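> Turn this into a structure:
(2 chains)
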Amino acid sequence: MTTTSLAPTRAWWRIPQRYVPVLATLTLLLVMYAVGVSQYRAFSNIQVVFNVFIDNGFLLVVAVGMTFVILTGGIDLSVGSVVAMTAMMSAWLLQGGMHPAPVLLIALLVGPTLGFGMGCVIHFFEIQPFIVTLAGMFFARGMCTFISKSSIPITDPFWTSMAQERIGDPKGNFVSTSVLIAFVVVLVGAFVLAYTRLGRNVYALGGNQQSALLMGLPVGRTKIAVYAISGLCSAIGGILLSFYTLSGAPLIAVGMELDVIAAVVIGGTVLTGGSGYVFGTVLGVLVLGVIRTLITFDGSLNSWWTKIVIGGLLFAFILLQRLIGIRKK
Amino acid sequence: MSTSKARWAAVTGHALFWPVVALIALLVANTIYRPGFLSVEMKDGHLYGSLIDILRLAAPLILVGMGMTLVIATGGIDLSVGSMCAISGAIACLHISGQPDQNALGGVLVALALGVGLSLVLGAWNGALVSIIGIQPIIATLILMVAGRGLAQLITEGQIITINSEPYKAVGVGYLLTLPLAIFIAAGVALLVAAVTRRTALGMIIESVGGNAEASRLAGIRSGRITFLVYVISAVCAGIAGFMVTANVSSADGNAAGLWIELDAILAVVIGGTSLAGGRFSLGGTILGALLIQTLTTTVYAMNISPQTALLFKAVVVIIVCLVQAPAFRAKFARRRPAAPAAPIAADQPKEQVPA
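Residues are numbered from 1 along each chain as shown, chains lettered A, B, ... in the order given. Prediction:
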């Protein structure tokens, strides 16, 4: 506390501290996978891994957007509703006989627009992100039922081809197109955060907003940008979800924001902002996916155990972050 | 002339001015839409009417809002109240459903005690995470928000437990002295909280912890204990609200009981003028906020709009109320009208925002 050496001290512990949470998540993921493989013979099938990606592709995309927001120290509760609204809107427009291309364009514009609006309110009127995105969540969910009270099936040939397209090896293992799209989003997200000016600004803003402002960084622009990015990611996630389910339902993805926030936290991103990686978020989503797969494989455990296990993991990882935080001081 | 203007400015500048205006506007709109809206009838010794219904249905929200106000006053937030409602309702219904005579008062009292006891334990867990381990409140309570739904379903084993117990049902739909019992329970808890916080130094201490926990600790206040205490109070309030919610429908559903009540409660607190940054609170404001939210919900139902679309209206109201309360928004607005006094706005600067 009182003495701080200027030279960075390297003990036997060679791993830089900022990587510890991500490595802990990686270890957890490997252990869980190993447990699965040792318990169930079918678990070692590579398709199980692919299925985790196929079932969680949209979650992955949304989590990347959430990582941006949480890195600035904010939070976006609207993601689940925006996902549902995008899926709903695409289904509705397609049902009206519109060509897929403009439908995609409109669907991809709505999410970021809402995010941009929320970002503006957060920045210009200094209202807490929690409240603003909560209103955004209500708004988007209300829009879903405003469009239609029942679910709308999608029969458009482009959508069905995207849903049924299987990319894989001759042995029969495959991934869907959505997984590839999710990978692209993850790579772009990681690149933006690590190597662009916007990414640096996001970390700076999350580290200390006052310092960032005094350094002359565009605090307002960055803040609005992260909510727009989160909106865009939610929109992409919504389209992927509509590929996956081939429908738009007003009550789909309820409570998804909690899964996404949990994934980001388990992935090692600190909720006060300033520290975390997209790679960690990917691991966090995979951990959630593997838990669900394990519970499905077991068969005797009920679905509510998923929630309890996720809660327990959240606790463990927050405790870990806290311990690291204490040691830093 | 200038005094009346100043008085007018004082009225419009009051934190609760816009919520009151919104509430009155809603009531007026309802009365225009349905002229019988305001009428209250006496039937079988009970009072009936839309206004009574609003009060009765707002009771759980008021209860949860009381606890939430205190938590937010310390600069924290409690996301787990909805799950707490589900858990306490589930354990109470489980106990009653196992009784040979579901109408026995003793069994119901034990069930209520079990629910409150479990809430105490869960509240202590939240409080310990925040005050002893020092985790940010939003995250600490997020754990129980996620895991709590699972726990509630674990208690009910994924089923909806239906009970047929008159004494338990009374908590939600019973009557006392012509008015619904739920109103008395909510009012009683509200009065108790108000008396304990505003007639003793506790309220001031809570506000000082919310203002600056470290400074108040150095000034001799046991900040940690206060923080711990508010989470326990919040959990107990949520537990009692859970009884009402489950008694209303005479069944416990681990998934649906108290769903989104945490969001409504936070909204009620914010509409009531309590800053999410902590440091000051208004219990009366929270009650007003809860009534506003419930009136809005009832209005939307009465107009035959689906509950989901009702969220759209809620979003609009939330944003408008928050905007007109936001100092930054007021400052921008005031600049265009130089006549409006700028001094109180400047004095009302928000303190550093909590990372939410």
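
> okay, CA-based contacts and neighbour counts for the rest of this
Noted.

> And A:N51, how close does it get to chain B?
A:N51 is 24 Å from chain B, where distance means CA to the nearest CA, to the nearest Å.

> An error on my part: the question was meant for A:A253.
Distance check for A:A253 against chain B: by CA to the nearest CA, it reads 14 Å.

> which ones are touching that residue?
A:G80, A:S81, A:V83, A:A84 (CA atoms under 8 Å, 6 or more residues apart in numbering or on different chains).

> In a helix, it, correct?
No: going by DSSP: H, G, I helix; E, B strand; the rest coil, the assignment for A:A253 is coil, not a helix.

> Next one: it, what pLDDT does it get?
Per-residue confidence at A:A253 stands at 79 (pLDDT).

> Please enumerate the strands of the chain.
All of this refers to chain A. For chain A, strands defined by DSSP state E occupy the ranges A:152-153, A:166-168, A:174-176, A:247-248.

> could you do chain B instead?
Along chain B, counting by DSSP E, strands occupy B:41-43, B:46-48, B:160-162, B:175-176, B:179-180, B:251-253.

> what's the last one packed up against?
Translated: strand B:251-253. Judged by 3 or more CA pairs under 8 Å, 6 or more residues apart in numbering or on different chains; DSSP states H and E, strand B:251-253 is in contact with helix B:81-97, helix B:137-156, strand B:160-162.

> now for those, which one comes closest to chain A?
Set against chain A and scored by CA to the nearest CA, these come closest in helix B:137-156, at 4.3 Å.

> just to revisit the earlier point, dump the contacts of A:A253 to JSON lines, plus pLDDT, neighbour count and distance to A:G280.
What follows is these, written out as JSON lines (pLDDT from 0 to 100; neighbours: other CA atoms under 10 Å in any protein chain shown; distance: CA to CA, whole Å):
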{"residue": "A:G80", "pLDDT": "91", "neighbour count": "28", "distance to A:G280": "21"}
{"residue": "A:S81", "pLDDT": "91", "neighbour count": "30", "distance to A:G280": "24"}
{"residue": "A:V83", "pLDDT": "94", "neighbour count": "36", "distance to A:G280": "22"}
{"residue": "A:A84", "pLDDT": "92", "neighbour count": "30", "distance to A:G280": "25"}
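
> hmm, which two among those residues are most spread apart?
Spanning the widest gap among these are A:G80 and A:A84, at 6.4 Å by CA to CA.

> Quick check: residues of the stretch 51-200 of chain B near chain A?
By the rule CA under 8 Å from any CA of the partner chain, the part of the stretch 51-200 of chain B lying against chain A is B:133-135, B:139-140, B:143-144, B:146-151, B:153-154, B:158.

> Just put the helices and strands packed on strand B:251-253 in CSV and tack on mean pLDDT.
Rendered in CSV, the data for these read as follows (pLDDT from 0 to 100):
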stretch, mean pLDDT
helix B:81-97, 91
helix B:137-156, 86
strand B:160-162, 85
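
> which residue sits closest to the one residue sitting closest to the centre of chain A in space, ignoring its chain neighbours?
Against the mean C-alpha coordinate of chain A, by CA atoms, centre = their mean, the closest residue is A:A63 at 0.7 Å. For A:A63, ignoring the flanking residues on the chain, the nearest one in space by CA to CA, 6 or more residues apart in numbering or on different chains is A:V260 at 5.3 Å.

> which ones are touching the one you found?
For A:V260, the contact set (CA under 8 Å, 6+ apart) comprises A:L59, A:V62, A:A63, A:M66, A:V285.

> Those in helices, which ones?
The members of the contacts of A:V260 that map onto helices under DSSP state H are A:L59, A:V62, A:A63, A:M66, A:V285.

> Quick check: the farthest pair among these?
Of all pairs drawn from these, the greatest distance, 12.0 Å, lies between A:M66 and A:V285 (CA to CA).

> ok, back up a step: ok, of the residues of the stretch 51-200 of chain B next to chain A, which come out buried?
With burial judged by 16 or more other CA atoms under 10 Å in any protein chain shown, the buried subset of these is B:135, B:139-140, B:143-144, B:146-151, B:153-154, B:158.

> Residue numbers of the stretch 151-300 of chain A in contact with chain B?
Proximity of the stretch 151-300 of chain A to chain B (CA under 8 Å from any CA) is limited to residues A:L258, A:L271, A:T272.

> Helices of the stretch 151-300 of chain A, residue ranges please.
Using DSSP state H, counting those that start in this stretch, the helices of the stretch 151-300 of chain A run over residues A:157-164, A:177-195, A:197-207, A:209-214, A:219-245, A:256-266, A:278-298.

> tilt between the fifth one and helix A:157-164?
It refers to helix A:219-245. 80 degrees (axes from the mean of the first three to the mean of the last three CA atoms, to 10 degrees).

> Equivalent analysis for the last one, please.
Angle, helix A:278-298 to helix A:157-164, by the same axes, to 10 degrees: 70 degrees.

> hmm, back to that, Serialize the helices of the stretch 151-300 of chain A to JSON lines and add fields for mean pLDDT.
Conversion of the helices of the stretch 151-300 of chain A to JSON lines gives the following (pLDDT from 0 to 100):
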{"stretch": "helix A:157-164", "mean pLDDT": "84"}
{"stretch": "helix A:177-195", "mean pLDDT": "92"}
{"stretch": "helix A:197-207", "mean pLDDT": "92"}
{"stretch": "helix A:209-214", "mean pLDDT": "89"}
{"stretch": "helix A:219-245", "mean pLDDT": "93"}
{"stretch": "helix A:256-266", "mean pLDDT": "88"}
{"stretch": "helix A:278-298", "mean pLDDT": "88"}
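
> between the ones you listed, which gets nearest to B:I77?
Of the helices of the stretch 151-300 of chain A, the one closest to B:I77 (CA to CA) turns out to be helix A:256-266, at 15.7 Å.

> Residue numbers of the stretch 201-350 of chain B in contact with chain A?
By the rule CA under 8 Å from any CA, the part of the stretch 201-350 of chain B lying against chain A is B:263, B:267, B:276, B:306, B:308-316, B:318-319, B:322-323, B:326-329.

> In CSV, please show the C-alpha coordinates belonging to stretch B:221-230.
Coordinates of each C-alpha in stretch B:221-230 appear next as CSV, following Å, rounded to 0.1, in the frame of the first residue of the first chain:
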residue,chain,number,x,y,z
ILE,B,221,-20.6,5.5,11.0
ARG,B,222,-20.4,1.8,10.4
SER,B,223,-20.9,2.0,6.7
GLY,B,224,-20.5,-1.7,6.2
ARG,B,225,-23.3,-2.5,8.6
ILE,B,226,-25.7,0.0,7.1
THR,B,227,-25.0,-1.3,3.6
PHE,B,228,-25.6,-4.9,4.9
LEU,B,229,-28.8,-3.8,6.6
VAL,B,230,-30.4,-2.2,3.6
